[in-house]
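J.: Fold the following.
(one chain, ligands or ions: 1)
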Amino acid sequence: MADKKGMLLQLADHVWIYPQGENLERIEPAVGVIMTANQTVLIDCGNSPGHAREIQRALHERKAPPVSTIIYTHHHWDHIFGSCVFDAEVIACRQCADELDSMAEIPWGPAWLEHEMKENPLLERSNRAKLLVIEDWSELRIVKPTRVFADQMTLEVDGITLQLQWVGGPHANDSITVEVVGQGVLFVADCFYPPPFHLRKPDDTPDWDMLNRLRKDSIQWYVHGHGQPLTSDEIQQLWQNTKKQA
Ligand SMILES: [Zn+2]
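T.: Predicted coordinates for the structure are as follows:
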C-alpha cells in the first residue's frame, strides 16, 4: 500500500483516503473519500483551506463527482478548518456542533495564537502548525454543521450506506466513527488517541482497548487520523502487546 504524496489511496470499491501529510509539523490528518456515481462524501476535510485545495486537486485528477457532504469526526481544528473551501452539507454529532459554536467565537489569527501560547506553552505545537498551514487568515471560516445527530445516524448515498456512531473516548468527547457498510472500512479518526497534546498527562497512551472493541468481522480497514490504516490483526496485536506490558 505505497502512498504517493498528493494521491488518493483506494481501500475499497467506493472508498479512498487522502493520506496523512508526510511533514508531521503540519498536522495534516488523513481524510476519507467516498465516491458514488453522482457525488463525493468527505470524512473530515483537511486542516486548512490550503490542505483542502490539495484534496480538491486530487479529487479532480481522479474525476471525482462534486463533494456533496462532509462528515466531521470531531471538532479539532486539523479535521475541520478545510471545510470553508467546499460548498457542501456538513454533518456532525450534537457535541461536535456545540464545540463548533464555541470555536466560531474565537478571533482566529496570529495575534490570538501567540496570546494563547503565552498563556499555555503546551499549545506551542498545535498553534505553530496552524501558523504554518494557514496562509491567509481572512479566508478561514468555521463551518458549522447543517445536519446534527445525537447518538447515531444512517446516511444513504446513491446505494452506499454510511453508519455514523458517536463513541466519545479519551481524545475528544464528540468523537464519532463512520462505517462504510459493505465496503469493509471503518473510519475511527482520533477516537482512541490520548487527549490532545496540551491536555495530555505523561502516562496517557492510546486506548487500545477501545479500538479493539471496535473491531468486527465485516471490517478490513480501520482508518485513523494520523497514521496508516490498520487491519484487524494489527489492532489485535497492538492490543495484546499492551496487555503483556500491563
Ligand atoms: Zn483530534
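J.: tell me the contacts of the closest residue in space to residue 207 that isn't next to it in sequence?
T.: Leaving aside its chain neighbours, residue 207 sits nearest to residue 192 (4.5 Å; criterion: C-beta to C-beta, 6 or more residues apart in numbering). Glycine gets a C-beta too; all of them are placed from N, C-alpha and C. Counting by C-beta atoms under 8 Å, 6 or more residues apart in numbering, residue 192 touches 169-171, 206-208, 210-211, 214, 224.
J.: Nearest to the ion among these?
T.: residue 171 (5.6 Å; C-beta to the ion).
J.: I'd assumed residue 196 was in contact with that closest one.
T.: Yes. Contact criterion C-beta atoms under 8 Å: residue 171 and residue 196 qualify, at 7.2 Å.
J.: Give me the more crowded residue out of those two.
T.: For residue 171 versus residue 196, neighbours defined as other C-beta atoms under 10 Å are more numerous around residue 171 (24 against 17).
J.: Check the gap between that one and residue 193 for me.
T.: 4 Å (C-beta to C-beta, to the nearest Å).
J.: cool, residue 85 as well?
T.: 26 Å.
J.: what does residue 165 give?
T.: Residue 165 is 17 Å from residue 193, by C-beta to C-beta.
J.: can you list the residues of the protein near the ion?
T.: The chain has residues 76, 190 near the ion, with proximity defined as C-beta under 5 Å from the ion.
J.: Would you map the helices across the chain?
T.: 49-61, 77-80, 94-103, 110-119, 124-133, 208-213, 232-245 (DSSP state H).
J.: Any stretches of the protein with poor pLDDT?
T.: 1-5, 245-246 (pLDDT under 70).
J.: And the strands in it, which stretches?
T.: With DSSP state E as the criterion, the chain has strands at 9-12, 15-18, 31-35, 40-43, 67-71, 89-93, 147-149, 152-157, 160-166, 176-180, 185-189, 221-224.
J.: how near is residue 240 to residue 167?
T.: For residue 240, the distance to residue 167 - C-beta to C-beta - is 22 Å.
J.: Looking at these two, which is more packed in?
T.: Using other C-beta under 10 Å as the criterion, residue 240 and residue 167 rank with residue 167 on top: 20 against 12.
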